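> here are the coordinates; sequence isn't available:
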Ligand SMILES: [Zn+2]
């Protein structure tokens, strides 16, 4: 039974009925208009129904198209009794099938020239008319439910894929003389199941099908969280059209994208990691289990650059005057929530000098060049996987571009540009094959709420990481790069288990960064211990200052991963505004992984992690998938009392500080770098208590020079003091030149948060 949703609660609904029917591919065709702050166009969805389509070769029982129309007319049901009707929204009116235009490739003008009123008038038959029609009352049509909010849906229609020239090659029958619903669905079925080595042909067919004429409008209805579509007489998912086109536009206030200005004052729009993900950008199936591929054509004024989750480094195509078009695609199926777009007047940043060696090393490997010799079995559904491509597996540095507003050029050249290759290379040394073939990095506008966000093929970084020295930039870059493996290539099946992306990325950021800096093992360990002290402070602070139920990493306990019969579910606390400020998934997740790595020893742990990545990339996981495989790989003598059950109990299902961590921190001696901080903290506390006296000269010399993370730790400790007098603060500023340090950026972003949910990424 479906869970009843209460919008006043802080849980995020996932409405799509993915147990019945699954989107396999999206084709987006969109125009971005900065003046009206609207994105509009069409999306075509290609489905695979839950019960595998049954092929009936050489079937002759299909009626011809006109007969089919007749049949529809007689089978008109009672749409005015639509079970979900929200009369407040414009689009709630049930739309009609206009049978006279069926299959004729009619020109649709409704989306372009009209405001809503026009459209409503033009849209034809009102719902009341249906009631007069005879129908098979009592029968229920299959309802396709898509996640959708804040979209103006203008029209939904079935796509006549049989009209695409050459498409008959996909079917058994030599010539498509008799076109039926069944045949169209058979074509889509063949298309979505084409083998991975025919990916290019598949993409091309998808594109051409998406432009095929419509063959009948479908009835639709919207409410707060969903778009519901049905076809009169189609009673099961198998009978429902497997290719549908939705014409729609976004609303300026929609929460999936943010319209704003960049640091140079020019307009831009981008997906900034809303808790509602992309459902106010396009109607989709949000549950992560709906892993799909996509391609998108986006048009904007020629002065804009369109960046997107796509495996090709798109270049613009000039269209009519002053307008250009960008096309991107992916061949690896991923949850729709991971799709990301940014449109703005960005400039590509290039190093002042670039060596030909670097370029040679970064030669792009498109799946077409992939020589898919067999490198081992992948557990995921079929796609052109880099783990099976020997040239891709050895590629240390993937091709990348860096974009930013032109005013940040110098800052990018000073810090970011030269950090990208060593960080990518470090990640490869630790985890092996890069799951994605290329990467764009964008410095996002100042209103971006966190330090970074990772999506397929694109990383957003806050401008804050460009200030100060390279430390903050490097660690943040490493964090986002780690999400390519944990969060993207391996996603959480249940979004409440955010630690599966954030805990891993936080743990790996230290490891990557140490490698990128080429630290020797002792230095690396010191730096990582210092980070542990810092995160320990923060975790304690957060546990003291947040609601207990928000401190649990696996809040659904044994129900984690459960969905309703239809596939819908709710994400606990998914819309809770406090969640944005919580770091518990980063911190507790990090400490758990650190604890496990220490138990195994680094070499064993990272060897296991590579094995885990090899087994689970391209798939969704729950906590137990990781823990079970890990424990199986720990020799008996090291496993001691560890079990999945007690890790759940101690680390994942309780609030507060995990007991094993509490014990470890109490017993553990501080590392040298942290001890140094403690000594400095004592000096500052003494100074803070000292009554105002004649100014002493030595203050400047007394304090040691500190590393950026030491400074942050020092400030954490000082902030625990009840009062810091203004004099102390001024001296702090003088001693460490705080305003020029990373620490400021870091402090300003304590509320670092990730793109909503572990669907990705941050
Ligand atoms: Zn694979």
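It's in. The model shown is predicted, which means the values in this text are computed figures rather than measured ones.
> neighbours of residue 640, how many?
Close neighbours of residue 640, defined as other CB atoms under 10 Å, add up to 9. Quick note: C-beta positions are derived from backbone N, CA and C, even for glycine.
> if you could redo that for residue 704, that was the one I meant.
Residue 704: 13 neighbours (other CB under 10 Å).
> which element is the closest residue to it other than its chain neighbours on?
Across the structure, with CB to CB, 6 or more residues apart in numbering as the measure, the residue nearest residue 704 apart from its sequence neighbours is residue 680 (5.9 Å). Taking DSSP states H and E as the definition, one finds residue 680 inside helix 672-689.
> ok, residues contacting that helix?
For helix 672-689, contacts defined as CB atoms under 8 Å, 6 or more residues apart in numbering pick out 526-527, 529-530, 533, 670, 699, 702-704, 706-707, 709-710, 713-714, 717-718, 721, 723-725, 728, 731-732.
> pull out the buried residues from it.
Judged by neighbour count using 16 or more other CB atoms under 10 Å, the buried positions of helix 672-689 are 673, 674, 676, 677, 680, 681, 684, 685, 687, 688.
> average pLDDT for that helix?
Regarding helix 672-689, the rounded mean pLDDT is 81.
> now swap in stretch 610-629 and tell me
Regarding stretch 610-629, the rounded mean pLDDT is 95.
> again with stretch 252-259
Confidence for stretch 252-259, expressed as mean pLDDT, is 94.
> name the residues that touch it?
Stretch 252-259 is touched from outside by 34, 36-39, 149-151, 250, 267-272, 274, 276-281, 341, 447, with contacts defined as CB under 8 Å, 6+ apart.
> out of those, which are buried?
Those of these that meet the buried threshold are 34, 37-39, 149-151, 250, 267-272, 274, 276-281, 341, by 16+ other CB under 10 Å.
> in strands, which of those appear?
For these, the ones inside strands are 38, 39, 151, 250, 267, 268, 269, 270, 271, 341, with DSSP state E as the criterion.
> pipe those into CSV and attach distance to the ion per row.
Output for these, formatted as CSV (distance: CB to the ion, whole Å):
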residue, distance to the ion
38, 39
39, 33
151, 34
250, 34
267, 40
268, 35
269, 34
270, 30
271, 26
341, 26
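> list just the nearest of those to residue 227.
The shortest separation between residue 227 and any of those is 7.5 Å, and it belongs to residue 151 (by CB to CB).
> contacts only, for the closest one.
Contacts for residue 151 (CB under 8 Å, 6+ apart) come out as 222, 227, 248, 249, 250, 251, 254, 279, 280, 282, 283.
> mind checking pLDDT for the residue sitting nearest the centre point of the chain?
Within the chain, the residue whose C-alpha comes closest to the C-alpha centroid is residue 338; the distance, by CA atoms, centre = their mean, is 2.4 Å. We have a pLDDT of 96 for residue 338.
> one more: residue 378?
Note on residue 378: pLDDT of 90.
> now do the contacts for it.
When contacts are counted by CB under 8 Å, 6+ apart, residue 378 is found next to 385, 387, 388, 617, 618.
> which SSE is it in?
Secondary structure from DSSP H and E places residue 378 outside every helix and strand.
> narrow the contacts of residue 151 to those that are buried.
The buried subset of these - by 16+ other CB under 10 Å - is 222, 227, 248, 249, 250, 254, 279, 280, 282, 283.
> and these, which is closest to the ion?
For the ion, the closest of these turns out to be residue 282, at 26.9 Å, with distances computed as CB to the ion.
> I'd say residue 272 and residue 446 touch.
No - using CB atoms under 8 Å as the test, residue 272 is too far from residue 446 to be in contact (11.7 Å).
> show me where the stretch 551-700 of the chain has strands.
569-571, 619-621 (DSSP state E, counting those that start in this stretch).
> want to try JSON lines for the ones you listed, with mean neighbour count and distance to the ion as columns?
As requested, the strands of the stretch 551-700 of the chain are exported to JSON lines (neighbours: other CB atoms under 10 Å; distance: least, CB to the ion, whole Å):
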{"stretch": "strand 569-571", "mean neighbour count": "24", "distance to the ion": "27"}
{"stretch": "strand 619-621", "mean neighbour count": "19", "distance to the ion": "9"}
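> make a markdown table out of those strands and add distance to residue 402.
Converted to a markdown table, the strands of the stretch 551-700 of the chain look like this (distance: least, CB to CB, whole Å):
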| stretch | distance to residue 402 |
| --- | --- |
| strand 569-571 | 33 |
| strand 619-621 | 31 |
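> which one of the ones you listed lies closest to residue 311?
Closest approach to residue 311 among the strands of the stretch 551-700 of the chain (CB to CB): strand 619-621, 18.8 Å.
> check which helices and strands that closest one sits against.
Judged by 3 or more CB pairs under 8 Å, 6 or more residues apart in numbering; DSSP states H and E, strand 619-621 is in contact with strand 490-492.
> check the offset of the helix or strand containing residue 204 from the chain's centre.
Here residue 204, judged by DSSP H and E, is contained in helix 199-210. Its chain's average C-alpha position is 24 Å from that of helix 199-210, according to CA atoms, centre = their mean, to the nearest Å.
> show me what counts as buried in that helix.
By neighbour count, with 16+ other CB under 10 Å as the criterion, the buried positions of helix 199-210 are 199, 202, 203, 205, 206, 207, 208, 209, 210.
> three-state assignment of the residue nearest to the fourth one when sequence neighbours are not counted?
Using CB to CB, 6+ apart and skipping the chain neighbours, the partner closest in space to residue 205 is residue 191 (5.5 Å). Secondary structure assignment for residue 191 (DSSP: H, G, I helix; E, B strand; the rest coil): helix.
> tell me the contacts of residue 191?
Here residue 191 is in contact with 46, 161, 170, 202, 205, 206, 209 (criterion: CB under 8 Å, 6+ apart).
> ok, so of those residues, who is nearest the ion?
residue 202 (17.3 Å).
> so what's residue 312 scoring on pLDDT?
At residue 312 the predicted local confidence, pLDDT, stands at 95.
> just to revisit the earlier point, the buried residues of helix 199-210: which two are farthest apart?
Largest separation among these by CB to CB: 199 and 210, giving 16.3 Å.
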